[in-house]
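Student: What follows is a predicted protein model with its sequence.
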Amino acid sequence: MARLKVGVLISGRGSNLQALLDACADPAFPAGIALVISNVATAQGLERAAKAGVPTLVINHKDFPDRESFDSKMDEALREAGVELVCLAGFMRLLSTRFVESWRGRMINIHPSLLPAFKGLRTHAQALAAGVAEHGCTVHWVTPTLDDGPAILQGKVPVLAGDTEETLAARVLEVEHRVYPEALRMIALRR
C-alpha cells in the first residue's frame, strides 16, 4: 500500500513535527511527510524538516492582505505537493472557514488538553486553575470552530501537587509526542 502523503503546518520549534518525522522515518510506517509549511521564516521546525530531507516552504502571512489569500497560497502548495492529509503541529494562525472546509476530514490537530475541556490558549494554566486531577492532549479532526472537532485519540497525565504551568506542560508534551504519531498511523491504516 502506498504511504499517505502528509503536509505539516508549523509556526515554531516543531517538537511535534519531530515526533512525526521520527515515526515517518520508519519505512514500515503507513505515512510520509511530503511538505512542511511555516508562516515564520525562523521557525526551528524548518531546520528539523530539512535535516530529515523533507521539503519546506515559508509562506509569511504578513505578505498577504487577508487570511483568505494566505490560506489560498498554502492550499495551492499542499495540493501541488500531493498532500492527502494536513497535520497542524503548533501552527499559530487561525484558518479561514473556506480552507478548513476544503480539507474537511483530511486535517488534524493536536491540542494540549483533554478536549472538550480547556479550548484555546494557556490550557495548562486553565487546568491548574480548575483543579482537575488529570490533564493531557487530544488529536482531533479540524472543523471551522476552534478546538471543537471530533477527537481521534487522547493521552492523559496526572496533575501533581506542586505542578506549575511549565512542569505540567513538559509532561503533556511528552505524551503529545507519542499520541500524534499514533493517531496519524491509525488514520493512514484506515483510509
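Tutor: Thanks, I have it. These figures come from a predicted structure and were not determined experimentally.
Student: The longest helix belonging to the chain packs against which elements?
Tutor: Of all the segments of type helix in the chain, defined by DSSP state H, the longest one is helix 165-190. The criterion is 3 or more Cβ pairs under 8 Å, 6 or more residues apart in numbering; DSSP states H and E, and the helices and strands that helix 165-190 contacts are strand 4-10, helix 15-24, strand 31-38, strand 85-88, strand 107-111, helix 123-130, strand 134-141, strand 151-158. The way it works is simple: take the backbone N, C-alpha and C, and place the C-beta from them, glycine included.
Student: Tell me what angle it forms with strand 4-10.
Tutor: Interaxial angle of helix 165-190 relative to strand 4-10 (axes from the mean of the first three to the mean of the last three Cα atoms, to 10 degrees): 160 degrees.
Student: re the thing from before, mind putting the helices and strands packed on helix 165-190 in a markdown table, distance to Arg178 and mean neighbour count included?
Tutor: As requested, the helices and strands packed on helix 165-190 are arranged in a markdown table below (distance: least, Cβ to Cβ, whole Å; neighbours: other Cβ atoms under 10 Å):
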| stretch | distance to Arg178 | mean neighbour count |
| --- | --- | --- |
| strand 4-10 | 17 | 25 |
| helix 15-24 | 8 | 22 |
| strand 31-38 | 16 | 24 |
| strand 85-88 | 15 | 24 |
| strand 107-111 | 11 | 24 |
| helix 123-130 | 18 | 18 |
| strand 134-141 | 9 | 22 |
| strand 151-158 | 6 | 17 |
